[in-house]
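Colleague: After the sequence you'll find the predicted model.
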Amino acid sequence: MQTSITRKRIVCFGDSNTWGFNASNGERFPEEIRWTSELDRLLGEEYQIVEEGLSGRTAVMDDPLFEGLNGSTYIHPCLMSHSPLELVIIMLGTNDTKERFSLTSFNIAQGITRLALKAKQTLSGPNGQNPRVLVITPPPIGKEYVQTDVGKSMGKGCDDKSSHLESHLEELLAATDIDFLPTKGKVPMNNIDFMHLDEEGHKLLAKLVFNKIQSIL
């Protein structure tokens, strides 16, 4: 008789870099390349990774141009639908830098912190408890992005905002019981639009997240 394994579930809640956007062709990276799938492989049979990536997703902002991108309005039903959860991983902030939102880098960090606390307060953890939450700072946007096709949509100053996001997030999250993982200088963006991960970036991020999970779970 085969014994069933109860796998510990982890939700990865993010934007196009969690969805797996491939800037070289505008399509989605194959499953075996995405950092979420690589993380699933590294963690082994004990864990199950749930991909919850959406291109354009923000932490707390409603986008006037596109529907359904505000992470704050979706995270509660999302986490409850996948419960029970061992861990919630949040990696957002890149889209929040868009000029049309008029947010400072500190404002963006405030929004992500608010979102993380909302996730923490759900009863989506084991036995209806609060789940553990890990916030990852997305790698900074390269300054060259403004000269690419995405520059027109993103607007000005996105690289500067994203480069300062990590320090603000670290400061704000230090006063909470939410785990934090910086990526600046450890995981680069691609050399196409300078705001998405390439294949190597996905591998590096997966390994970084794996090591962090090993230390907190």
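Modeller: Everything's here; your move. Numbers count the residues shown, from 1 in each chain.
Colleague: From Asp149, how far off is the spatially most central residue of the chain?
Modeller: Among the residues of the chain, the one closest to the centroid is Met91, at 1.7 Å (CA atoms, centre = their mean). Note on Met91: its distance to Asp149, by CB to CB, to the nearest Å, is 23 Å. In short, each C-beta sits where N, CA and C put it, glycine included.
Colleague: Point out where the chain drops to low pLDDT.
Modeller: Low-confidence regions of the chain, defined by pLDDT under 70, span residues 1-4.
Colleague: can you give me the helices for it?
Modeller: All helices of the chain, identified by DSSP state H, fall at 16-19, 35-43, 71-82, 105-121, 150-154, 158-173, 199-216.
Colleague: Run through who's touching the first one.
Modeller: Contact with helix 16-19 is made by 12, 28, 35-36, 51-57, 91, 94, 138, 196-197, as judged by CB atoms under 8 Å, 6 or more residues apart in numbering.
Colleague: How far off centre is that helix?
Modeller: Relative to its parent chain, helix 16-19 has a centroid offset of 8 Å by CA atoms, centre = their mean, to the nearest Å.
Colleague: what does the fifth one give?
Modeller: Computed by CA atoms, centre = their mean, the chain-centroid distance of helix 150-154 equals 20 Å.
Colleague: CA atoms only for it - export them in CSV, please.
Modeller: Extracted in CSV, the C-alpha atoms of helix 150-154 (Å, rounded to 0.1, in the frame of the first residue of the first chain):
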residue,chain,number,x,y,z
VAL,A,150,9.3,49.5,-21.7
GLY,A,151,10.7,53.0,-21.0
LYS,A,152,7.6,54.7,-22.5
SER,A,153,5.2,52.8,-20.3
MET,A,154,7.3,52.8,-17.1
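Colleague: Which strands and helices lie in contact with that helix?
Modeller: Judged by 3 or more CB pairs under 8 Å, 6 or more residues apart in numbering; DSSP states H and E, helix 150-154 has no packing partners among the helices and strands.
Colleague: Next: the last one.
Modeller: On a contact count with 3+ CB pairs under 8 Å, 6+ apart, helix 199-216 meets helix 35-43, strand 87-91, strand 132-136, strand 179-181.
Colleague: and that helix, how far from the chain's centre?
Modeller: With CA atoms, centre = their mean, you get 12 Å for helix 199-216.
Colleague: can you list contacts of that helix?
Modeller: Helix 199-216 is contacted by residues 10, 20, 29, 33-36, 38-39, 42-43, 87, 89, 132, 134, 136, 139, 179, 181, 183, 186-190, 197 when judged by CB under 8 Å, 6+ apart.
Colleague: how does it look with 6 Å?
Modeller: Applying CB atoms under 6 Å, 6 or more residues apart in numbering, the set of residues contacting helix 199-216 from outside is Ile33, Arg34, Trp35, Glu38, Leu39, Leu42, Asp179, Leu181, Val187, Pro188.
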